[in-house]
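Trainee: Need the 3D shape of this:
(one chain, ligands or ions: 2)
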Amino acid sequence: MPDRPYVIDKLISAKSIAARIEALSHEIEAEFAGTKKLTVVGLLRGSFVFIADLVRELDLPVEVDFVETSSYGNSTESSREVRILKDLRGDIEGRDVLVVEDIVDTGHTLFHVLNLLNSRRPHKLRTIALLDKPSRREADIRADWTGFEIPDEFVVGYGIDFAQRNRNLPYIGKVRFTEG
Ligand code: 5GP
Ligand code: MG
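Mentor: Ligands and ions are numbered 1, 2, ... in the order given. Purely as a prediction, here's the structure:
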């Protein structure tokens, strides 16, 4: 829990993240080449830093929108129940859409959000996740693009929190509890 003392061990540097986003941005540009408008949908709140860096690498006409789903709360345990706390502002029917997720863990969040957005009949719907924990997967889903595969560790930084803290770290680190 948040009041237990912990340290953060660096897992992925800011430089590695930037280089990976730059590489992935070219693949996304190729996939959506010629689009009149790409709606980039960030899943709040963990993707806010990632989406900010990603859209600045995309040489495409981009709009940004957000969805917020229920999260882990203050625990490190996943929950299978996914609720929409905040829906898109805009209509995506007939649109090109890129969903941006911080971490695909069990996959329930992305599975649920993709079903919801697909039901609105977008023209093309693709997904990108900064991090993937394949060993944790329960739902049959994977992002079209993944920044980094990571082991089953609880991570923070680069927008990702532990009980709302550590989102402002410029790198990804893993939480390690210390005695105290
Ligand atoms: P899911 O299990 O549905 O794939 O993941 C749901 C959400 O749990 C992710 O979008 C992410 O916000 C959060 N999550 C998964 N793994 C971690 C982690 O290691 N650290 C933090 N802070 N959140 C995580
Ligand atoms: Mg998330």
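Trainee: helix/strand/coil for the residue of the chain found nearest ligand 2?
Mentor: Ligand 2 sits closest to G46 of the chain, with a gap of 3.9 Å, by CB to the ion. In this view, the C-beta of every residue, glycine as well, is placed from N, C-alpha and C. Assigned state for G46: coil (three-state reduction, DSSP: H, G, I helix; E, B strand; the rest coil).
Trainee: how many neighbours does it have?
Mentor: 24 (other CB atoms under 10 Å).
Trainee: Chain neighbours aside, what residue packs nearest to it?
Mentor: D102 (3.5 Å; CB to CB, 6 or more residues apart in numbering).
Trainee: doesn't the one you found fall inside a helix?
Mentor: No - counting by three-state DSSP, D102 is located in no helix; its state is strand.
Trainee: tell me the contacts of it?
Mentor: Contacts for D102 (CB atoms under 8 Å, 6 or more residues apart in numbering) come out as L43, G46, S47, F50, A129, L130, L131, G159, I160.
Trainee: Would you mind listing the outside residues contacting the helix or strand harbouring L11?
Mentor: Using DSSP states H and E, L11 sits in strand 6-12. If you take CB under 8 Å, 6+ apart as the criterion, strand 6-12 is touched by 148, 150, 153, 155-158, 162, 166, 169, 171-178.
Trainee: swap the cut-off to 7 Å and go again
Mentor: For strand 6-12, the external contacting residues (CB atoms under 7 Å, 6 or more residues apart in numbering) are 148, 150, 155-156, 166, 169, 171-178.
Trainee: what separates it from the chain centre, distance-wise?
Mentor: On the basis of CA atoms, centre = their mean, to the nearest Å, strand 6-12 sits 19 Å off its chain's mean C-alpha point.
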